[in-house]
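> could you look at this predicted model? Sequence included:
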Amino acid sequence: MNIKPSAAIRKNYNEISTLCKTTKEPVFLTKNGEGDLVVMDIATFSRRESMLRLREQLVTVEEDRLAGKKGFSIDEVDGMMKKAIREAAGERRE
């Protein structure tokens, strides 16, 4: 875990930026010895956000499954995909 005083962002922006990008980890900034901010590079932030969205979707699907909500079999999904592909191909020909 990388922890820096908040003054470090003003004095050493490039160093903190490089640290975020090379470690792919956030840098925690403190103010008066207490946690204040978290800084991370855009790529790491985007990746974490994508993972959180995916996990939320998986939790929702699992909750639905546990509640007895009907899902689709692999064969049903395969049929739906093939039908969608045929329909999309047919629309392009017109």
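Everything's here; your move. All of these numbers come straight from a predicted model, not from anything done at the bench.
> hey, let's count contacts and neighbours off CA atoms from now on
OK.
> low-confidence stretches in the chain?
91-94 (pLDDT under 70).
> would you mark the buried spots in the helix ranked longest in it?
Among the elements of type helix in the chain, defined by DSSP state H, the one spanning the most residues is helix 42-66. Along helix 42-66, these residues count as buried under the neighbour rule (16 or more other CA atoms under 10 Å): Thr44.
> just how off-centre is the helix or strand following that helix within its chain?
Tracing the chain C-terminally past helix 42-66 and defining elements by DSSP states H and E, one meets helix 74-93 next. The chain centre lies 29 Å from the centre of helix 74-93; the measure is CA atoms, centre = their mean, to the nearest Å.
> for stretch 29-49, same thing?
Centroid separation between stretch 29-49 and its chain, computed with CA atoms, centre = their mean, is 15 Å.
> what comes into contact with that stretch?
Stretch 29-49 has contacts (CA atoms under 8 Å, 6 or more residues apart in numbering) with 3-6, 17, 20-21, 24-28.
> show me the contacts for Glu25.
Under the criterion of CA under 8 Å, 6+ apart, the contact partners of Glu25 comprise 1-2, 40, 44.
> tabulate those residues in CSV, adding columns for distance to Leu58 and secondary structure.
Shown next, in CSV, are these (distance: CA to CA, whole Å; DSSP: H, G, I helix; E, B strand; the rest coil):
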residue, distance to Leu58, secondary structure
Met1, 28, coil
Asn2, 31, strand
Met40, 25, coil
Thr44, 21, helix
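> from these, which is closest to Leu66?
For the contacts of Glu25, the residue nearest Leu66 by CA to CA is Thr44; the value is 32.6 Å.
> how much distance is there from the longest helix of the chain to the middle of the chain?
A distance of 7 Å separates the C-alpha centroid of helix 42-66 from that of its chain, computed with CA atoms, centre = their mean.
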